[in-house]
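Participant: show me the folded form of this:
(chains A, B, C and D, ligands or ions: 4)
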Amino acid sequence: MASVLRADNLSKSFGPIEVLSGVSLDLKTGEVHAVIGENGAGKSTLMRILSGHLQPTSGVMHLNDKPTAFASPVEAEREGIVLVHQEILLAPDLTVAQNLFLGRELRRFGFVDDEAMRERTRTVLAELGTAIDPDVEIRHLSIADRQLVQIARALLVPHKIVAFDEPTAVLTPVEAESLFDIVRRLSQQGVAVLYISHRLNEVKAIADRVTVLRDGRLVATREIESLEPIEMARLMVGRDMSKLYPEKPDTASADTIMTVRHMTVPDYVDNVSFTLRRGEILGFGGLIGAGRTELFEGLVGLRRAKGTITLDDRDVYFRDARHAMASGIVYLSEDRKGKGLLLQQDLRTNLTLATLERFTRGPFINVAAEDAALDAAIGDFDIRTRRRDLLAGQLSGGNQQKLLLAKMMLAKPRIVIIDEPTRGVDIGTKEQIYRFIASLAEQGCSVIVISSEMQELIGLCHRVLVMRNGRIAGELAQADLSEDAIVFLATGVHEERAAEIAAGHA
Amino acid sequence: QQKTVTIGVSIPAATHGWTGGVVYHAQEAAKQLEKTYPGLKVVVKTSPDGAAQANALEDLSAQKIDALVVLPFNSDELTNPVREVKKGGTFVTVVDRGLKDTSIQDIYVAGNNPEFGRVAGKYMADTLKTGNVVIFRGIPTVIDEERVTNFEKALEGSGVKVLDKQYANWNRDDAFRVMQDYLSKHPKIDAVWASDDDMALGVLEAVRQAKRDDIKFVLGGAGMKEMIKRVMDGDKMIPADVSYPPAMIATAMTVTAAHFFTNAPMRGTYVLNAQLITKGNAKDHYFPDSSF
Amino acid sequence: MTDTLLRTAAAKRMFNPDMRALSPFIALIVLAILGAVINPDFLTASNILNVVTRSAFIAIIAVGATFVISGGGLDLSVGSMAALVAGFTILTLNNGGAEISTLMLGALVAIGLGAACGLANGVIVTFGRIEPFIVTLGTMGIFRSLIIWLAAGGTITMRNADLRELYRPVYFGSIAGIPVPIVVFLAVAAIGAVILYKTAFGRHVIALGSNEDVARYSGVPIWRVRTLTYIIQGICVGIAVLVYVPRLGSATPTTGLLWELQAITAVVIGGTALRGGIGRIWGTVVGAIILELVANIMVLSNFVSEFLVGAVQGAIIIIAMLVQRSLQRGR
Amino acid sequence: MTDTLLRTAAAKRMFNPDMRALSPFIALIVLAILGAVINPDFLTASNILNVVTRSAFIAIIAVGATFVISGGGLDLSVGSMAALVAGFTILTLNNGGAEISTLMLGALVAIGLGAACGLANGVIVTFGRIEPFIVTLGTMGIFRSLIIWLAAGGTITMRNADLRELYRPVYFGSIAGIPVPIVVFLAVAAIGAVILYKTAFGRHVIALGSNEDVARYSGVPIWRVRTLTYIIQGICVGIAVLVYVPRLGSATPTTGLLWELQAITAVVIGGTALRGGIGRIWGTVVGAIILELVANIMVLSNFVSEFLVGAVQGAIIIIAMLVQRSLQRGR
Ligand SMILES: Nc1ncnc2c1ncn2[C@@H]1O[C@H](COP(=O)(O)OP(=O)(O)OP(=O)(O)O)[C@@H](O)[C@H]1O
Ligand SMILES: Nc1ncnc2c1ncn2[C@@H]1O[C@H](COP(=O)(O)OP(=O)(O)OP(=O)(O)O)[C@@H](O)[C@H]1O
Ligand SMILES: [Mg+2]
Ligand SMILES: [Mg+2]
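Facilitator: Numbers count the residues shown, from 1 in each chain, chains lettered A, B, ... in the order given. Ligands and ions are numbered 1, 2, ... in the order given. Below you'll find the predicted structure:
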């Protein structure tokens, strides 16, 4: 096979820090080339260089054996290289169709041809297995839907190389499955696909070759046949990763700590009731749009909601997140960039934002205490930052997640609600987060895990509630936990099909 | 041996017709005087509001001026700042609006705002005998307040009634707008006291557009050359005007310069009263070359 | 199966009229009713036509401001720019005879100078990368000074009486019973709406205001687009001046004072977000009419002392916004 | 390992001064040199002290504006608020004898009324969820009207001459050779800096301005924080008025006109971002001094026609910003 894109010895520094050192990559036509590595290994940086968003500090690229350099992403797109970003890069005030065609609007008689663009949008989205309304503004969409729109946008331009930066991190199995179909079809058409993911099973299922990065250096490039997920993990992390999930702590006691009855969030959640026990890890499964996020945002006072919440046998009502936090309940948003972290502020500011009153001496902030807390957080949560005065937005995706965790844990909560805890997190970190969740339960905390990764729910939770269309579709006790069962409850389709979906995805 | 004298002139910025005229006359006079008296330097500074004028006064005295000619924004506000200048031994001439403490001013070239209102009111009462008038106020300031109060006082006891009064900020556009609304609101208006020639021009356009013939005339004020011309030409709508010449600044500057360059020291008050301009005496008030 | 689920949600949204876009109109109607209650003269055709005609300048300028603001910019210089353009236009007219061709030349000068002023703003903002607030505050001072200097502190007046008569109908005339300024501002708004909603350029303006990085990555020529919004603003100022000049036939150093605040207020009342990314041309036009209506009601009412007019006016605008906001939340 | 890396990087940053924070100071120095070249009287101690003293009102108000703006808000009402507070304060002073206690009462009234006005702005913005631009434009009209009404269209003056003498030193006096207004504004800026940089509240303001959602999800009491920024703005206006009143001894309906634009300009020149999330108190103070310096240079220079002062002033401000911007980019 001919190589379309060859990168030789690419390096990239931000200021004094080198985040990529002499990485070479050879991409062949029609192959699916996975790039894996820990959070902060430099995968996104590499992709951004290949697609013209960043200029390398040193090194050269060859496109079809001709030396090339891209001054901007637009130039790279002209050569047929498109990147689906890890973070969402869409204009929030424009509609789906308008975003898809931004900068390359279809025109008729000099005016934009909205009808045609809407039609094309619908078609492209249908290929991705979703029916997002082309006329909805992006700001109304969930992150998952935004990610799909972003993928659709990339597929719309004529492309020879498509780079997906963690496309499935925010997707559920059904959408992910459609995406894999598309990836396979692309490679059959001779398009080269670069694919970044932390879901190693996915990589095994779809990739032809795998490149592993660690600390900005190339570790290895291997054919997939010889490479099992366990081995991938070892290459990435540098140690053995045979055991991902911790022992489920046997801590779920019988006494109920919180009872939620008739919770209704207008337009999203309809009459949901459940109980939470002390020391329990309770999972919430379901498809995208099932209303899990909204349920818990309503519960902690971040959205208008009705219903009764009984905490320690007392009825409570939370006006806002502060109020909920004071009662020992914290909610970690799935949207860590939009709602979790101040991307333009430094790590210290972010870490202590929710619990500033703990870091004051008299009326003043005790910066030394904050710094100590940051040191502790960097250690405890293994936040990989090479400079501690970095802005939160400059951390790699997975490390942002760890920072968010650290931030909310400072509140010393009794009930922790984590929405998509391991979204975009590398396998080593995942294991750390799982261990952390288990240890929370051991210490008597109750943890609610909202996750679209069924393996995670199965491996971690004592009990799983599955939501569908704003209601609870069913409850699975620990013994009954299986992907089939979750998919069945989540989709409502009958069991063989559910098994197929569950199997198609690993 | 040549005598060198610096005169600082502090006046409001050209933010409407009349102050525009003041700036114009100040600059013309400065050029004229510097030509007449070699060795004389005139520094003209404008300010957009009272506080800025106080600043400008400080800055002028930092430049070591021998005399200050000031047209204060506001008597109350500027009394103290002018006093500070005076303390440095500067000769002070005050124009139009007298200071609270009259001992500060060496020369006072007085305009007379109450008189301005009174003359206009008396003209209304005399010509109309009975009828309804509407009032256009300027910008909320003491000047405006004095003019309007005395206008209304002059109407007392006559058959002339004030239907309405609104601020139109000495601005043509605002006057046009307010007049249109007056015309919608009041079915019969006999005369308009626009209190300022700029506003009178806006009023006239609104009346013309509405084709209303109940309005017998519009009385402006200040003595803008276009308006004086119309009085001279016998325009029915503009039978008269009330003078309030912006050239008073030039008078003040001339007198001040004379104090230094002639042998007769000048002191005291020069009153330039508001005068009624009618067809008879319009010629004396018409300066076609003035900008105002 | 999932398909149908999602579709019903989408369908639900369709039947929910966009309150945000409608609410300025509702506020307008409420105000009109208020006016009629306060003074029966309010609802006479002549009063309403006067008010709407008067709102024309601000409305036209505000259409331009809608472009600038929804593109994430701001222009504080429009009032001074209007004064400067008016002054220059009148000087041009004074140099010609009482012919249509003179007016044509005047129109060319007005629009050309407006566009040039806008270009200056746009270039400094984009290439200097300075906050538009500062840039246009600076040019506001510059334009204002230039007109004061041109007029030597006085007034620039159209000297040729015949030409004035020829020009007068542009403000005072009417086409099919509708005053010319209203026709002009409807035309400007309609063209503005087509450009903003139906062309790629308009879409790029919104994208720029929504998220500049996204616009850049998408290959939107952001410098050109941003500069063009300021040029459009300038052209709108030029057109507004063409309607303004025949009314009083003069330009003074106070012409256009505070028009920038009025234009921005009209834009915001109309539902355009000051942070950019949302642009509502028709809302803007309604906003401009609302502003003029409130002033009109103040003069027509008899309860309010002339000292307090500003207070009541301010309160009405805040209340109108509160009403709008509660309408939007009610859905 | 990571640790050492981290520490060295932090150390390195120390030697790399933050150009964005420094550039207003550099612009100030450049302007001072320009002033000295234009007129040798510029660099006299008395002139410099005059200029800095005069900048006190705007500087104090702008410190408040730094809170509002870095928290993502805007307050256009400060100028009118200053007029209203000044009027009320003088009326209070006129009711008392020539004693210190009268002045104390006046101070209480000024600061209390300022805080109340700020509270009104804050409550309408937060609970009404209306764009601060519109709210404060509305209250700007309201406050301005109230002072016109209080003054019945005229002026409110301090009547008691003895009390005036007693009060005079607050503007004209000096402490250890430094004029009192400068002492006051340094104190206000210092307290402001401590609050903004060293307290939890200040951190919350910045968080709110950076991203309201994140602040809300982090349990920041956003309504309280936002309202407090407006109250702080009001208190700063009250303090500024206390320094202002002894200077001119009266309040008029035109007092404080356009101070809001000056305050915002000072804030922006100082490096605070209008969109929120960055606040620079000391930059703001320098910005206020720069504005006053430019006006001073205009008065001291004798080449510029009176009519063109505004143009040159506008141009200098734009150029100063361009210089700043290029300094920042140069690093
Ligand atoms: N603008 C920047 N300035 C400084 N450092 C940066 C910047 N952008 C990224 N970095 C650093 O570069 C390193 C690599 O980041 P990158 O986003 O490429 O990681 P990644 O492999 O994609 O991680 P993840 O799996 O978490 O997405 C990180 O340590 C990150 O903090
Ligand atoms: N502000 C909004 N306005 C209108 N619709 C919205 C808004 N936010 C989200 N939605 C829609 O509501 C539905 C539910 O959102 P969301 O995906 O967050 O639910 P979820 O169950 O938490 O999913 P997950 O946790 O798997 O992401 C989606 O279809 C989304 O498009
Ligand atoms: Mg990444
Ligand atoms: Mg969710």
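Participant: if we ignore the residues flanking it in sequence, what's nearest the residue in the stretch 101-250 of chain B positioned nearest to chain D?
Facilitator: Closest to chain D within the stretch 101-250 of chain B is residue B:140: 3.7 Å, counting by CB to the nearest CB. All C-beta spots, glycine's among them, are computed from the backbone N, C-alpha and C. In space, and not counting its chain neighbours, residue B:140 is closest to residue D:253: 3.7 Å by CB to CB, 6 or more residues apart in numbering or on different chains.
Participant: helix/strand/coil for that neighbour?
Facilitator: coil (DSSP: H, G, I helix; E, B strand; the rest coil).
Participant: go on, residue C:318?
Facilitator: Per three-state DSSP, residue C:318 ends up helix.
Participant: could you find the closest non-adjacent residue to it?
Facilitator: In this structure, residue C:318 finds its nearest non-sequential neighbour in residue D:138, 4.0 Å apart by CB to CB, 6+ apart.
Participant: and if you look at residue A:371?
Facilitator: residue A:348 (6.6 Å).
Participant: which is the next helix or strand following the strand or helix carrying the one you found?
Facilitator: For residue A:348, the host element (DSSP states H and E) is helix A:347-352. Later in the chain than helix A:347-352, the nearest helix or strand by DSSP H and E is strand A:360-361.
Participant: neighbouring contacts of the helix or strand just after that following strand?
Facilitator: Beyond strand A:360-361 in the direction of the C-terminus, DSSP H and E gives the next helix or strand as strand A:364-365. With CB atoms under 8 Å, 6 or more residues apart in numbering or on different chains as the test, strand A:364-365 has contacts from A:352, A:356, A:359, D:194, D:198-200, D:203.
Participant: likewise for stretch B:122-129?
Facilitator: B:133, B:151, B:154-155, B:158-160, B:190-191, B:193, B:216-217, B:219, B:239-240, B:242, B:276.
Participant: any low-confidence regions in the stretch 151-300 of chain A?
Facilitator: Along the stretch 151-300 of chain A, segments meeting pLDDT under 70 span A:251-252.
Participant: any chance you could map the strands in it?
Facilitator: Along the stretch 151-300 of chain A, the segments classed as strands by DSSP state E, counting those that start in this stretch run A:161-165, A:192-196, A:209-214, A:217-223, A:256-265, A:269-277, A:281-286.
Participant: highest average neighbour count across those?
Facilitator: With neighbours defined as mean count of other CB atoms under 10 Å in any protein chain shown, those peak in mean count at strand A:281-286, which reaches a mean of 27.
Participant: nearest residue to the residue in chain B positioned nearest to chain A in space, please, no chain neighbours.
Facilitator: Proximity of chain B to chain A (CB to the nearest CB) peaks at residue B:51, 35.2 Å away. Distance criterion CB to CB, 6+ apart; nearest residue to residue B:51, sequence neighbours excluded, is residue D:248 at 6.9 Å.
Participant: and that neighbour, how far from residue A:439?
Facilitator: Using CB to CB, to the nearest Å, residue D:248 is found at 68 Å from residue A:439.
Participant: which of the two has more neighbours?
Facilitator: When neighbours are counted by other CB atoms under 10 Å in any protein chain shown, residue D:248 and residue A:439 differ, and residue D:248 comes out ahead with 26 against 12.
Participant: if I pick that one, what's in contact with it?
Facilitator: Contacts of residue D:248 by CB under 8 Å, 6+ apart are B:50-51, B:54, B:76-78, B:80-81.
Participant: got the contact list for the residue nearest to residue B:140?
Facilitator: B:139-141, D:83, D:144, D:147-148, D:151, D:153.
Participant: which of those fall in helices?
Facilitator: With DSSP state H as the criterion, helices contain D:83, D:144, D:147-148 from among the contacts of residue D:253.
Participant: including distance to residue B:284, neighbour count and pLDDT, could the residues you listed go into a markdown table?
Facilitator: Shown next, in a markdown table, are these (distance: CB to CB, whole Å; neighbours: other CB atoms under 10 Å in any protein chain shown; pLDDT from 0 to 100):
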| residue | distance to residue B:284 | neighbour count | pLDDT |
| --- | --- | --- | --- |
| D:83 | 41 | 29 | 95 |
| D:144 | 41 | 25 | 93 |
| D:147 | 41 | 27 | 93 |
| D:148 | 37 | 29 | 91 |
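Participant: nearest to residue A:119, of these?
Facilitator: Proximity of these to residue A:119 was ranked by CB to CB; the top entry is residue D:144 with 54.8 Å.
Participant: for the closest one, give its distance to residue D:117.
Facilitator: 12 Å.
Participant: can you check residue A:217 too?
Facilitator: Distance of residue A:217 to residue D:117, given as CB to CB: 61 Å.
Participant: and if you look at residue A:207?
Facilitator: For residue A:207, the distance to residue D:117 - CB to CB - is 65 Å.
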